[in-house]
Structures are given as C-alpha cells and as structure tokens.
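>>> how does the following fold in three dimensions:
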Amino acid sequence: MSLFEPFLFLFIPFLAWLIIMYNLLVRDNIRVKAAWSDIDVQLKRRHDLIPKLIEAVKQYAAFEASTLETITELRNRSEHSHHVDEIGEAEVALDSHIKQLVMLAEAYPDLKANQSFLDLQHNLTDVENHIQYARRYYNGAVRNLNTRIDTFPDLLIARFFRFQHAEYFQAELN
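Residues are numbered from 1 along each chain as shown. A predicted model of the protein is given here:
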C-alpha cells in the first residue's frame, strides 16, 4: 500500500462532491436566467399591446394627454431598466394606470362594444396571467438558487466561485 492510496480514497469522493455541487449551482443559476427570460417575453408582449390600447381609447374618448403620456413613460422605464426591482416598480405603476385607463374607457358605450378594444382587453388579461405564472416560477427558481448559496456545505463552493444571489420579482399584477 502506497502513501497516496488513503489520500486518493478521500480525494476522489471529495472531488466528485465538489463537481456535483458546482453543477447544481450552475443548473439553478441557469433556471433563474431562463425563468427571467420567460418574464421578459411576457412583459414585451404586454408592452406591445399598450400602444394599441392607447390608440383604441384615443379614437373614442378624449382622455387627458397626461394619462396617456404617463403610461407611455412607465412602459419605456420598464423596458429600459436593468434591475429586477426597478422593472417590478415600473410594472406595478403601469398596471395601475392601465386598469385606470380601461375603467375610464368603459364609460364609453361605443368603445366598450368595439371588438378590437375587447380583444385588446382579453389579450392584456391573458398576458398578465402569463406574467403571474412566469413570476411564480422565476421566484421559485430564485428561492432555490439563493437557498443553495446560503446553505452549508454548498455555500463554500458558491462563495469560492462567486455565485450571486438573484433578486425576486415583486410585481403583483392583477
């Protein structure tokens, strides 16, 4: 029996454990990125519907220009933000203003009966439901990654390879 055999007996399982833990951290990190990509796609779909909604409402009702400008500004702020919390804040405000616009628009019978407006309302509701589902999945993926980064012994590998905590997406869209 050589001097290195006991060392190999301990080193090989340690190396296997290290590889497995690293791969699990990478997997969880990729899941977070993929889940954020799903949210981003849904937000883009929603942002694409907003100008159509504004145009439909403009044709039937004379709303304050400031309301429509605010919606456009919030949409742009969300699209150009790079941090999850900033996007969440912009989306919550945007959601509130869109709901206000739709509620005001419902006071106009011609607009309420317009098929394209009804289709836009339906599409917005559908997109918001998809955003909610994607947000739940994303926040679950973030929870899993953050838990792995914070629990022993995985935290040793996470810190050594500089894995970062992910931010939760807090936007509650209804």
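>>> please compute how far the lowest-mean-pLDDT helix or strand in the chain lies from its chain's middle.
The helix or strand of the chain with the poorest confidence is helix 109-113; it has a mean of 73 (mean pLDDT, DSSP states H and E). Using C-alpha atoms, centre = their mean, to the nearest Å, the mean C-alpha position of helix 109-113 is found 33 Å from that of the whole chain.
>>> so which elements touch whichever helix or strand P13 is part of?
Per DSSP states H and E: P13 is located in helix 5-60. When contacts are defined as 3 or more C-beta pairs under 8 Å, 6 or more residues apart in numbering; DSSP states H and E, helix 5-60 sits against helix 65-80, helix 84-105, helix 109-113, helix 115-150, helix 154-160. For glycine as for every other residue, the C-beta is placed from the backbone atoms N, C-alpha and C.
>>> neighbours around the closest residue to S78 other than its chain neighbours, how many?
Nearest non-adjacent residue to S78, counting by C-beta to C-beta, 6 or more residues apart in numbering: A90, 3.8 Å away. By other C-beta atoms under 10 Å, the residues close to A90 number 21.
>>> got it, and the one 3 residues further on?
A93 sits with 17 neighbouring residues when counted by other C-beta under 10 Å.
>>> local confidence estimate at it?
Turning to A93, the model gives it a pLDDT of 90.
>>> same thing with Y60?
pLDDT for Y60: 67.
>>> ok, Q100 to V127 distance?
18 Å (C-beta to C-beta, to the nearest Å).
>>> those two: which is more packed in?
Between Q100 and V127, V127 has the larger neighbour count (other C-beta under 10 Å), namely 20 against 14.
>>> thought the more buried one was touching H47?
No. Under the criterion of C-beta atoms under 8 Å, V127 makes no contact with H47, lying 9.5 Å away.
>>> the closest residue in space to D85 that isn't next to it in sequence and P153, how far apart?
Setting aside the residues directly before and after it, D85 is nearest to E167 in space (C-beta to C-beta, 6+ apart), at 5.9 Å. Remark: distance between E167 and P153 (C-beta to C-beta) = 25 Å.
>>> who's more crowded, these two?
Shown here are E167 and P153; by other C-beta under 10 Å, E167 has more neighbours (18 against 10).
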